[in-house]
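[1] sequence and computational prediction follow.
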Amino acid sequence: MKNIFVGNLDFASTEDQLRALFAAHGAVESVTIVKDRDTGQPRGFAFVEMTQAAEADSAILSLDGTIQNGRALRVNEARPKLARETNNSPSGNRDHRHHQI
């Protein structure tokens, strides 16, 4: 299984469109368009999981820079998600959702 990052998406892009685009290169396990947690609007990037690494590599090489809905896609292997540090100090945490009131 290989996870692929797809960036510079048009906000009107759908998961079905991305699935069809990547399915031309092999079996697609899942497609997730990332949306803003507060507004529910797309954030302009997605993740595609493909079952076979060789097919995923082919898709990355073929689709990076291609134009979809007037925008050049950025397609590459997704980096692993970093573990977030937990810091309970009000002065050390810059995330506005965790400020002390």
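    That came through fine.
[2] return the helix or strand in this structure with minimum mean pLDDT.
    Least confident helix or strand of the chain, by mean pLDDT, DSSP states H and E, is strand 67-68 with a mean of 92.
[3] run through who's touching it.
    Outside strand 67-68, the residues within contact range by C-beta atoms under 8 Å, 6 or more residues apart in numbering are 9-10, 13, 17, 21, 73. All C-beta spots, glycine's among them, are computed from the backbone N, C-alpha and C.
[4] do that again at 7 Å, thanks
    The contact list for strand 67-68 (C-beta atoms under 7 Å, 6 or more residues apart in numbering) reads 10, 13, 21.
[5] can you flag the buried ones in those residues?
    13, 21 (16 or more other C-beta atoms under 10 Å).
[6] now the contacts of strand 67-68 in a markdown table, with pLDDT?
    Converted to a markdown table, those look like this (pLDDT from 0 to 100):
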| residue | pLDDT |
| --- | --- |
| 10 | 95 |
| 13 | 94 |
| 21 | 96 |
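[7] which one of the contacts of strand 67-68 sits closest to residue 40?
    Checking the contacts of strand 67-68 against residue 40 by C-beta to C-beta gives residue 13 as the nearest, at 15.1 Å.
[8] that closest one: what secondary structure?
    Secondary structure, DSSP: H, G, I helix; E, B strand; the rest coil: residue 13 is coil.
[9] quick one, what contacts it?
    33, 68-69.
[10] what do you get for residue 19?
    So residue 19 contacts 28, 31 (C-beta under 7 Å, 6+ apart).
[11] give me the three-state assignment for it.
    helix.
[12] also residue 55?
    Per three-state DSSP, residue 55 ends up helix.
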